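*Asks:* Take this sequence and fold it.
(one chain, ligands or ions: 1)
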Amino acid sequence: MTVVDERRPRASAEHLVKEFPLPRTGGGAPRSVRAVNDVSRAVQRGRTLGLVGESGSGKSTTARLLLRLVQPTSGRIVADGQDVTAVKGAAPRAFRRRAQLVHQNPYASLDPRFSIAEIITEPSRAFRVGDRAARARELLDRVALPSAVLGRRPAEPSGGRRQRVAIARALALEPDPVVCDEPVSALDVSVQAPVLELLAEPQARRGVAYLFISHDLAVVRQIAHTVVVMMDGRAVEQGPVADIFGSPSHDYTRELLAAIPGRRAQATEDS
Ligand SMILES: Nc1ncnc2c1ncn2[C@@H]1O[C@H](COP(=O)(O)OP(=O)(O)OP(=O)(O)O)[C@@H](O)[C@H]1O
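*Replies:* A predicted model of the protein is given here:
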């Protein structure tokens, strides 16, 4: 069983609650949806925390709260001992630089007006980091792309290459923690594994903490150390990946696991 080092959190969620107002209907009372309901969990140094649950269970909202892209209704995010939710409005600059997001959709996350060189060095420009041409080549090298793509527009490369560009951009400032929201779901299965491997390298090299959201439980099983199962905004089960997949205690987790295609086939073979 994986032992999680709870003493080295990169960022901790403490009793996070997020309510979104719903449009008023007629003259009725104001209504809201509680997208995240009392979620507490830390992302640890050098570890990947998988976040699973069906659509609408609150995964993306949890991720956006952790990155401080939305303000919680209550609860807080603590990163390196600092409460980054204490002040409303923009997150502290140091935290914005450190915490990054890898989006699901490499098509939507890259601005087609800019060259790939401009896209991957944009964070370095925003935070005034050194020699950008050298940095661009180094970043492409990290994601195993030739420097020939630097002058191209993001529409040109294939989906897998485009997601590599998005990852190069997200990792430009050596962020930690990194939130990956369905990073390979838009990709062909054949290119998912090499893209996932790109995420492993910064974790091995400098102990990056990941929050990894995926509908694909097989992918989560492969790369996460611990797993949180969300249902209706709540974390209904959490623990080491071997425990969650090996002996789930919540009915909802069992249902999610039963829905993995490979598992169904395995269960049929076993019976
Ligand atoms: N900006 C918003 N305004 C109003 N409601 C929202 C907003 N964002 C999310 N919600 C609602 O909050 C709930 C949780 O949504 P969220 O996107 O976090 O779930 P999810 O598990 O990430 O779903 P998916 O897997 O489909 O992305 C849903 O009921 C959703 O409709």
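*Asks:* just checking, next helix/strand downstream of the helix or strand containing residue 118?
*Replies:* According to DSSP states H and E, residue 118 maps onto helix 116-126. On the C-terminal side of helix 116-126, the nearest following helix or strand under DSSP H and E is helix 132-142.
*Asks:* what's the angle from the next helix or strand along the chain from that following helix to helix 132-142?
*Replies:* Once the chain leaves helix 132-142, the next helix or strand it forms, by DSSP H and E, is helix 159-170. With axes from the mean of the first three to the mean of the last three C-alpha atoms, to 10 degrees as the basis, helix 159-170 and helix 132-142 are set at 130 degrees to each other.
*Asks:* What lies in contact with the following helix or strand past helix 159-170?
*Replies:* With elements assigned by DSSP H and E, the helix or strand that comes after helix 159-170 is strand 178-181. Under the contact criterion C-beta atoms under 8 Å, 6 or more residues apart in numbering, strand 178-181 has outside partners 59-60, 63, 66-67, 99-104, 170-171, 199, 202, 208-213. No exception for glycine: its C-beta is placed from N, CA and C like everyone else's.
*Asks:* returning to that earlier point: distance between the helix holding residue 118 and the chain's centre?
*Replies:* A distance of 21 Å separates the centroid of the chain from that of helix 116-126, by C-alpha atoms, centre = their mean, to the nearest Å.
*Asks:* Could you tell me the backbone phi and psi angles at residue 36?
*Replies:* For residue 36, the backbone dihedrals are phi -130, psi 130 (criterion: degrees, to the nearest 10).
*Asks:* Could you count how many residues lie near the closest residue to residue 123 other than its chain neighbours?
*Replies:* Counting by C-beta to C-beta, 6 or more residues apart in numbering, residue 123 lies nearest to residue 172, which is 4.4 Å off, once chain neighbours are set aside. Per other C-beta atoms under 10 Å, the neighbour tally for residue 172 reads 25.
*Asks:* could we number from 14 for the rest of this?
*Replies:* Okay, using 14 as the starting number, the last item reads as residue 185.
*Asks:* so what's the closest residue to residue 71 other than its chain neighbours up against?
*Replies:* Of all residues not flanking residue 71 in the chain, residue 246 sits nearest, at 4.2 Å (C-beta to C-beta, 6+ apart). Residue 246 makes contact with 31, 47, 48, 49, 50, 52, 70, 71, 74, according to C-beta under 8 Å, 6+ apart.
*Asks:* can I assume residue 213 sits in a helix?
*Replies:* Yes: the assignment for residue 213 is a helix, going by DSSP: H, G, I helix; E, B strand; the rest coil.
*Asks:* Could you report the neighbour count for it?
*Replies:* Around residue 213 there are 13 other residues, counting by other C-beta under 10 Å.
*Asks:* before we move on, what about residue 258?
*Replies:* Close neighbours of residue 258, defined as other C-beta under 10 Å, add up to 19.
*Asks:* which ones are touching the closest residue to residue 63 other than its chain neighbours?
*Replies:* Using C-beta to C-beta, 6+ apart and skipping residues adjacent in sequence, the residue nearest residue 63 is residue 237, 3.2 Å away. Residue 237 is in contact with 61, 62, 63, 225, 254, counting by C-beta under 8 Å, 6+ apart.
*Asks:* Now do the contacts for the closest residue to residue 145 other than its chain neighbours.
*Replies:* Leaving aside its sequence neighbours, residue 145 sits nearest to residue 134 (C-beta to C-beta, 6+ apart; 4.3 Å). Applying C-beta under 8 Å, 6+ apart to residue 134 gives the contacts 145, 148, 149, 152, 185.
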